[in-house]
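1. here is my input; please provide its structure:
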Amino acid sequence: VFQLKRARSYAEERCSTTNLTSDVAYSVHRCKIIPNLIRIPTQYAHSNRVTYHPTIHFTDQAILGWWCDCFTGARFLGCCSHTASAI
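-> Residues are numbered from 1 along each chain as shown. Here you go, the predicted structure:
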């Protein structure tokens, strides 16, 4: 539950509104070698100097895997709020 609340907060910061019915402007970096691998730089909520990089591997039908370089980003179950916000 915490990750979902935090993910909404990250998305609201990106679009400067609490109305999340439209697109949210994320900077998405695509891998040149693996086309279905993206990285979304996300600024840490508690420090302007820290940026985390949730990385998502996907197909048209499913998300195959994810990882983030934050402290909780390599969870075995669930995901961190940076990754949840990007998804």
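2. by contact count, what packs against the helix or strand harbouring L64?
-> Element membership of L64 [criterion: DSSP states H and E] is strand 63-67. Strand 63-67 sits against strand 55-58, with contacts defined as 3 or more C-beta pairs under 8 Å, 6 or more residues apart in numbering; DSSP states H and E. Every C-beta, even on glycine, is put in place using the N, C-alpha and C of the backbone.
3. who does the strand it packs on touch, helix- and strand-wise?
-> strand 37-39, strand 63-67.
4. list the buried residues of the longest one.
-> Just to be clear, that refers to strand 63-67. For strand 63-67, the neighbour count (16 or more other C-beta atoms under 10 Å) marks W66, W67 as buried.
5. what's the answer for stretch 27-45, then?
-> Buried residues in stretch 27-45 (16+ other C-beta under 10 Å): L37, I38, R39, I40, T42.
6. about what we covered before: in JSON lines: the helices and strands packed on strand 55-58, plus mean pLDDT.
-> Below are the helices and strands packed on strand 55-58 laid out as JSON lines (pLDDT from 0 to 100):
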{"stretch": "strand 37-39", "mean pLDDT": "93"}
{"stretch": "strand 63-67", "mean pLDDT": "92"}
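7. make a markdown table from these and add distance to G78 to it.
-> Shown next, in a markdown table, are the helices and strands packed on strand 55-58 (distance: least, C-beta to C-beta, whole Å):
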| stretch | distance to G78 |
| --- | --- |
| strand 37-39 | 19 |
| strand 63-67 | 10 |
